[in-house]
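Chemist: Here is a sequence together with a model predicted from it:
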Amino acid sequence: MQSPLDRAGSAPPASAGLGGPTWLVTPGIAPARFDTAVGTGAEVVLLDLEDSVPAGSKADARAAVLAFAGARARGAGGPLLGVRINLVDGAEGLGDMAAMAEWSLWPDLVVVPKAESPCDIEAVVRAVRRARAATQVWALIESPRGVVGLPGIVHTPGLAGVLFGAADYAAASGCRITSRAMWYPRAQLVTAAAAAGIPAVDSPYFSLDDQDGLRRDALEAVELGFAGKVAVHPRQLPVIAQAFAPSPREVETASAVLAAAAGAGGGITTAGGAMVGPPLVEAALAVVRRAGKSPAVATTPAPKVS
């Protein structure tokens, strides 16, 4: 039987394809912000074609986003580039997918909004596979029906990860966007994602001037088991990055656990006065992985949000 230390070299963590914990969402109707977003140091830049784009501007936003995706595809380095498309059962969502296929402009990842069943994901996965594109498909869970449908959604073949949308969830369920109200759906999302072996990314924190609130919310996301968190403004990124980066004390403790486990040949032992067994070794490995992926987020002045 393999020990956790043996498995560490053979099995990637659930967040292996994530890109990193810092995500930044930018309206698809504001192409002047695209280059700025890429330069913030966020590890995933998500260009939005859905909620942030008025109905009459969908075509213009689609053209701008795909043109930028094409230009980025010819470049190298930088963050992963994602696109949140419109509802897949509507004309705009079908238009988004048709345009990607026609122009052969596929981003690094596509986010499917308001996912409530595997059917919402399967159509996008099929389109990506037909195009033979190296594009991840993610599901955005932002309704009570989506939370209830998680056991089926997370096991959809081809799904790379899930995100949580607190604002739409609160509106649909009639609750407030508070820590206490959001713990249940967030915990459900993380649990279902972990069971399927895929990462989960937390909802944005919408109060731009409340850095302390953002810090608390991001630390809660880490505590719950999220692999990352979405920012709605570049100035939120350093706080998110700091929350998801293990502290020096956490790294020191994890290193001691791994050293003790290695000395015991993977068996039960002690470190720092605490018993060390396989679950604690797994947790220590996760801390070390997080420390190795700690992002360096740019702290240049952020663009003004209109």
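Modeler: Arrived safely. Numbers count the residues shown, from 1 in each chain.
Chemist: List the contacts of the closest residue to Ile85 other than its chain neighbours.
Modeler: Excluding the flanking residues, the one nearest Ile85 by CB to CB, 6 or more residues apart in numbering is Asp96, at 4.1 Å. The C-beta positions use only the backbone N, C-alpha and C, and glycine is treated the same way. Counting by CB atoms under 8 Å, 6 or more residues apart in numbering, Asp96 makes contact with Leu49, Arg62, Val83, Ile85, Asn86.
Chemist: all strands of the stretch 1-150 of the chain, in order?
Modeler: In the stretch 1-150 of the chain, the strands defined using DSSP state E, counting those that start in this stretch lie at 22-27, 44-48, 80-84, 109-112, 136-141.
Chemist: quick one: which of the contacts of Asp96 sit in helices?
Modeler: Arg62 (DSSP state H).
Chemist: Tell me which two of the contacts of Asp96 sit farthest apart.
Modeler: Pairwise distances across these peak at 10.2 Å for Val83 and Asn86 (criterion: CB to CB).
Chemist: Need the residues touching each of those two.
Modeler: Common contact partners of Val83 and Asn86 (CB under 8 Å, 6+ apart): Leu49, Asp96.
Chemist: Return the backbone torsion pair for the most centrally placed residue in the chain.
Modeler: In the chain, the centroid-proximal residue (CA atoms, centre = their mean) is Val201; its distance is 3.5 Å. Main-chain dihedrals, Val201, degrees, to the nearest 10: phi -120, psi 140.
Chemist: what's the pLDDT at it?
Modeler: pLDDT for Val201: 98.
Chemist: give the contact list for it.
Modeler: Val201 makes contact with Leu18, Trp23, Trp138, Gly161, Val162, Leu163, Phe164, Phe226, Ala227, Gly228, Lys229, Val230 under the criterion CB under 8 Å, 6+ apart.
Chemist: Can you tell me the SS state at Tyr184?
Modeler: What DSSP: H, G, I helix; E, B strand; the rest coil gives for Tyr184 is helix.
Chemist: show me the residues around Ser104 that make contact.
Modeler: Ala131.
Chemist: what's the spacing between it and Arg132?
Modeler: Using CB to CB, to the nearest Å, Ser104 is found at 10 Å from Arg132.
Chemist: Format the CA atom coordinates belonging to stretch 54-67 as CSV.
Modeler: Extracted C-alpha coordinates of stretch 54-67, given in CSV (Å, rounded to 0.1, in the frame of the first residue of the first chain):
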residue,chain,number,x,y,z
PRO,A,54,-26.2,44.7,-21.7
ALA,A,55,-28.4,42.8,-24.2
GLY,A,56,-27.8,45.3,-27.0
SER,A,57,-24.0,45.1,-26.7
LYS,A,58,-23.6,41.3,-26.8
ALA,A,59,-22.3,41.1,-30.4
ASP,A,60,-19.8,43.9,-29.8
ALA,A,61,-18.5,42.3,-26.6
ARG,A,62,-18.2,38.9,-28.3
ALA,A,63,-16.2,40.3,-31.1
ALA,A,64,-13.9,42.2,-28.7
VAL,A,65,-13.3,39.3,-26.4
LEU,A,66,-12.6,36.8,-29.2
ALA,A,67,-10.3,39.2,-31.0
